[in-house]
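>>> compute the structure for the input listed below.
(one chain, ligands or ions: 1)
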Amino acid sequence: MNCVEINDTSSYHIHDLNTLGWELTLCNSLEPENSPIRALLEKNTSFGNLLFDFLSRHLPLEEAKSVLEVGGGYGYIMRDFLGRLRGVRASMIDISPFLLSKQRETLNSHNVTFCEHDFLAASPDFLKGHDVAILNENIGDFPTACGLTRDVLNENCRDSQAAEIRGYFNKYGLAVPSGESFNFNLGAVRAVELLCSSGVPYIYLSEHSCEAAAPEKWRYALGIEPTDNPERIALKGHDEYTIRFSHLEAVAAHYGYRTARGNYTDMLPVRFDERIHFILTSKTEKDEHEIIRLFIGDLFKYEYLLLIRD
Ligand SMILES: C[S@@+](CC[C@H](N)C(=O)[O-])C[C@H]1O[C@@H](n2cnc3c(N)ncnc32)[C@H](O)[C@@H]1O
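Numbering: from 1, shown residues only. From the prediction side, this is the model:
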């Protein structure tokens, strides 16, 4: 984590990403064909295939001419998409040379354009050429402004970062957090603004949410309650922050997008049988049960957001 103090008197800082440690995303967890968590799902297949099935129900994917994936990790999602879409132009943009090299390996049998670039500095002209943008589990890696106080929203606060943050709250009518001190998904908001102002018609985003809740019947065991304040998740080599999705929805609405939002159980349907119900309502200490609780907890904790410009 790189915490840049904005000025000496400020009590907030920007969390930024300068090292990309390895991260076991849900996509990577579901990649091995013998992954035990695949057995919990209604359909035993890769994450990319499940995502494609889900998106096809909401978006005219088959008509897409050009798909952009931002922060594609090992390239598994694009591999699955290109296995099911014919004649589509595909582009990958990623800040990490290491992960781009992995993407090149995974996608070597396809015609794909690779771009090593910080997405937040991408040009609107580059984005305009794409029909579909996929951002899976990466917006939490984008910079987060941490430890903000309400002073930041006060016109008298002259700091330039404060002015940018205040500008977002004012322009998009973002709900002001209730606590004394709060964090703000600055990078995720910038990313959605960039995509929507460029007019990309179909956008999919997903990440750990700070507004997610587990269903009432399992909430006690899973302990997933909304906090409405982006929370730090410490990972190997870097941290990420959970996302306040309602802020992203507000930005998209400003640009005339309609939205569809939910948690990962819509995308990765689980066979909620009696055994799973027992595991979710009890505090059994078996490792296998703990793994299942963590996985299903993640499905409730992750949210997706579809932005659609009709
Ligand atoms: C947690 S991984 C997710 C990988 C993949 N989407 C998945 O679901 O498995 C985050 C990805 O976003 C990329 N990334 C992080 N910050 C970025 C930025 N500012 N611009 C472009 N890519 C970025 C990382 O290099 C990595 O490929």
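>>> closest residue of the stretch 151-300 of the chain to the ligand?
Proximity of the stretch 151-300 of the chain to the ligand (CB to the nearest ligand atom) peaks at residue 187, 7.0 Å away. The C-beta positions use only the backbone N, C-alpha and C, and glycine is treated the same way.
>>> A strand includes that residue, no?
No: Residue 187 is assigned helix when assessed by DSSP: H, G, I helix; E, B strand; the rest coil, not a strand.
>>> right, and it touches residue 142 too?
Yes: assessed by CB atoms under 8 Å, residue 187 is found in contact with residue 142 at 2.4 Å.
>>> among those two, which residue is more densely surrounded?
Taking neighbours as other CB atoms under 10 Å, residue 187 and residue 142 compare with residue 142 leading, 27 against 24.
>>> so how far is the ligand from that one?
When CB to the nearest ligand atom, to the nearest Å is the yardstick, residue 142 and the ligand sit 6 Å from each other.
>>> same check, this time on residue 90
Distance from residue 90 to the ligand, by CB to the nearest ligand atom: 14 Å.
>>> OK, contacts around the closest residue to that residue other than its chain neighbours?
Closest residue to residue 90 apart from its sequence neighbours, by CB to CB, 6 or more residues apart in numbering: residue 112 at 4.5 Å. Residues counted as contacts of residue 112 (CB atoms under 8 Å, 6 or more residues apart in numbering) are 78, 82, 90-92, 103.
>>> dihedrals phi and psi, residue 112?
Taking degrees, to the nearest 10, you get phi -130, psi 140 for the backbone angles of residue 112.
>>> do the same with residue 25
Backbone torsions of residue 25, given as degrees, to the nearest 10, read phi -80, psi 170.
>>> that one and residue 140 touch, don't they?
No: here residue 25 does not reach residue 140: they are 10.7 Å apart, not a contact under CB under 8 Å.
>>> compare the two (neighbour count), which wins?
Neighbours per residue (other CB under 10 Å) separate residue 25 from residue 140, with residue 140 holding more: 25 against 20.
>>> does the ligand have contacts with the lengthiest helix in the chain?
For the chain, the helix with the greatest residue count under DSSP state H is helix 287-301. No: judged by CB under 6 Å from any ligand atom, helix 287-301 makes no contact with the ligand; its nearest approach is 12.3 Å.
>>> is the helix or strand just after that helix anywhere near the ligand?
For helix 287-301, the following helix or strand on the C-terminal side (DSSP states H and E) is strand 302-308. No: applying CB under 6 Å from any ligand atom, one finds strand 302-308 separated from the ligand by no less than 10.3 Å.
>>> which parts of the protein sit against the ligand?
Residues of the chain lying near the ligand (CB under 6 Å from any ligand atom): 17, 20, 23, 25, 27-28, 70-73, 93-96, 99, 118-120, 136-138, 141-142.
>>> and those, which are buried?
Buried members of these, scored by 16 or more other CB atoms under 10 Å, are 17, 20, 23, 25, 27-28, 70-73, 93-96, 99, 119-120, 136-138, 141-142.
>>> which ones among the residues you listed are found in helices?
Per DSSP H, the subset of these in helices is 27-28, 99.
>>> can I get those residues in a markdown table including pLDDT?
Conversion of those to a markdown table gives the following (pLDDT from 0 to 100):
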| residue | pLDDT |
| --- | --- |
| 27 | 96 |
| 28 | 95 |
| 99 | 97 |
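>>> need the strands for the chain, in chain order.
Applying DSSP state E to the chain gives strands spanning 2-5, 13-16, 66-70, 89-94, 112-116, 132-136, 144-149, 181-184, 202-208, 232-234, 239-241, 258-263, 302-308.
>>> reformat these as CSV; add mean pLDDT.
Shown next, in CSV, are the strands of the chain (pLDDT from 0 to 100):
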stretch, mean pLDDT
strand 2-5, 28
strand 13-16, 54
strand 66-70, 98
strand 89-94, 98
strand 112-116, 98
strand 132-136, 98
strand 144-149, 94
strand 181-184, 95
strand 202-208, 98
strand 232-234, 92
strand 239-241, 92
strand 258-263, 98
strand 302-308, 98
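>>> can you pull the buried residues of the longest helix of the chain?
By neighbour count on 16+ other CB under 10 Å, the buried set for helix 287-301 is 289, 292-293, 295-301.
>>> save those as JSON lines, and put in distance to residue 198 and pLDDT too.
Shown next, in JSON lines, are the buried residues of helix 287-301 (distance: CB to CB, whole Å; pLDDT from 0 to 100):
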{"residue": "289", "distance to residue 198": "46", "pLDDT": "89"}
{"residue": "292", "distance to residue 198": "41", "pLDDT": "89"}
{"residue": "293", "distance to residue 198": "40", "pLDDT": "89"}
{"residue": "295", "distance to residue 198": "35", "pLDDT": "93"}
{"residue": "296", "distance to residue 198": "36", "pLDDT": "94"}
{"residue": "297", "distance to residue 198": "35", "pLDDT": "93"}
{"residue": "298", "distance to residue 198": "31", "pLDDT": "94"}
{"residue": "299", "distance to residue 198": "31", "pLDDT": "96"}
{"residue": "300", "distance to residue 198": "32", "pLDDT": "96"}
{"residue": "301", "distance to residue 198": "29", "pLDDT": "96"}
